[in-house]
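Asker: Got a sequence here, can you build the structure:
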Amino acid sequence: MSEPVASPQKSRQKSRQKIGDWLGLIRFSHTIFALPFAALGTVMALATPLPSGVRPLLRLQDLLGILLCMIFARSAAMAFNRLVDAKIDAANPRTANRHLPAGVFSKGQVRNFTLLCAMGFVASTLLFLPNPLPLWFSVPVLLFLCGYSLAKRFTSAAHLWLGLALSLSPICAWLAIRGPESLWHPSDLIAPALLAAAVAAWVTGFDIIYACQDADYDAEVGLHSIPARFGVAGGLRIARIAHLVMLGFLAALPLAAPQTGLGWLFWTALMVVGCLVVRQHAVVRPNDLDRVNQAFFDANAAISIVLLLAGTMDIRWR
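Answerer: Numbers count the residues shown, from 1 in each chain. Here you go, the predicted model:
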């Protein structure tokens, strides 16, 4: 007896669920944290004359390359994280329902997905040719991004590692647009370096907040994190310091790199970001971590978007 044929409607529903599962595996919605900073780095790179005095050319293939590189690099790093942390996630009650422990995907599927995304990232850097820098740095950058997933096994500075990983986005976008000429003139890198430093401090702070949820578990099984080492209260204090450092780097950006064209809109956005940071810390307390996800996603998504919009309008209208 032949098996019943699935209706087209059920097949489409299964396909949508499968796509949703893959997007959930890599937390695709969290791309909104780093992508706006890559975009802001791109806008600044295009608006700022090169050391030779020539303004960089706007090529659509460069913009496509930045978008694809961001998606592929982050997807590869997140899938690798889920792969190497499968046993840890399975043993942690908070993460036991993630895709690999729950059996939604097999390790082979996630391994193949990671490899495909890694190859997609390297291939996407070819769009920047004749600028060779993205291709040259593609493998080292990818290794550094994936290395974060192993960091908590040996250092409490894993949060900083993640911050540095995401901070590469504005620097890489800057070099992809401007090419080797920028690399040979260190003063030309002040603007993306300050933006990258702000991103690194920002991500370090909010990752410490997020890790507070697993402080007891990490300490019990020997994983390294700031909350596991210094306690939740100590971790939140360090996160506040990291976010103050972030605000300092952002304030230094228009002052140290006036050629970028950031002005009053950016300063206004910085005040809004300061309020969002205060709110982020106000809703999370050592004895009340119920709103960590709200502080983690909502506030951080707003911070990245506000800075991108303000910075872009400032530069566009100068």
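
Asker: C-alpha only now, for contacts and for neighbours.
Answerer: Will do.

Asker: excluding its backbone neighbours, what's nearest Asn293?
Answerer: Tyr210 (7.5 Å; Cα to Cα, 6 or more residues apart in numbering).

Asker: how about the CA coordinates for whichever strand or helix holds the one you found, as CSV?
Answerer: For Tyr210, the element it lies in under DSSP states H and E is helix 190-211. Extracted C-alpha coordinates of helix 190-211, given in CSV (Å, rounded to 0.1, in the frame of the first residue of the first chain):
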residue,chain,number,x,y,z
ILE,A,190,41.4,56.2,14.6
ALA,A,191,37.7,56.4,13.8
PRO,A,192,37.0,52.7,13.2
ALA,A,193,39.3,51.8,16.2
LEU,A,194,37.3,54.0,18.6
LEU,A,195,34.0,52.6,17.3
ALA,A,196,35.4,49.1,17.6
ALA,A,197,36.5,49.8,21.1
ALA,A,198,33.1,51.0,22.0
VAL,A,199,31.5,47.9,20.5
ALA,A,200,34.0,45.7,22.4
ALA,A,201,33.1,47.3,25.8
TRP,A,202,29.4,47.3,25.0
VAL,A,203,29.3,43.6,24.1
THR,A,204,31.5,42.7,27.1
GLY,A,205,29.1,44.4,29.4
PHE,A,206,25.9,42.9,28.1
ASP,A,207,27.4,39.4,27.8
ILE,A,208,28.4,39.5,31.5
ILE,A,209,24.7,40.4,32.3
TYR,A,210,23.5,37.5,30.1
ALA,A,211,26.0,35.1,31.8
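
Asker: which secondary structure elements does it contact?
Answerer: Contacts defined by 3 or more Cα pairs under 8 Å, 6 or more residues apart in numbering; DSSP states H and E place helix 190-211 against helix 31-47, helix 158-178, helix 226-256, helix 292-293.

Asker: quick one: which of those helices is nearest Arg98?
Answerer: Nearest to Arg98, of all the helices and strands packed on helix 190-211, is helix 292-293, at 15.8 Å by Cα to Cα.

Asker: tell me the helices in the stretch 1-150 of the chain, going along the chain?
Answerer: Here the stretch 1-150 of the chain has its helices, by DSSP state H, counting those that start in this stretch, at 8-25, 31-47, 60-84, 86-91, 107-124, 133-151.

Asker: What are the buried residues along the fifth one?
Answerer: Yep, that's helix 107-124 we're talking about. Across helix 107-124, burial judged by 16 or more other Cα atoms under 10 Å covers 107, 110-111, 113-114, 117-118, 120-124.

Asker: Then the third one?
Answerer: Taking 16+ other Cα under 10 Å as the neighbour-count basis, helix 60-84 is seen to contain the buried residues 62-63, 65-83.

Asker: who touches it?
Answerer: By Cα atoms under 8 Å, 6 or more residues apart in numbering, the surrounding residues in contact with helix 60-84 are 25-28, 31, 35, 38, 100, 107, 110-111, 113-118, 120-122, 124-125, 127-128, 142, 145-146, 149-150, 169, 173, 176-177.

Asker: how far is it from where the chain is centred?
Answerer: Its chain's C-alpha centre and that of helix 60-84 lie 10 Å apart, by Cα atoms, centre = their mean, to the nearest Å.

Asker: One more: stretch 270-289?
Answerer: 20 Å.

Asker: neighbouring contacts of that stretch?
Answerer: If you take Cα under 8 Å, 6+ apart as the criterion, stretch 270-289 is touched by 212-213, 232-233, 236, 240, 243, 247, 250-251, 290-292, 295-296, 299, 302-303, 306-307.

Asker: Can you get me a residue count around Ile209?
Answerer: 30 (other Cα atoms under 10 Å).

Asker: Leaving out the residues flanking it, which one is nearest to it?
Answerer: Nearest non-adjacent residue to Ile209 (Cα to Cα, 6+ apart): Leu236, at 6.2 Å.

Asker: Retrieve the pLDDT associated with that neighbour.
Answerer: As predicted, Leu236 sits at a pLDDT of 94.

Asker: How about Ser167?
Answerer: Here, the pLDDT recorded for Ser167 equals 95.

Asker: cool, Leu143 as well?
Answerer: 96.
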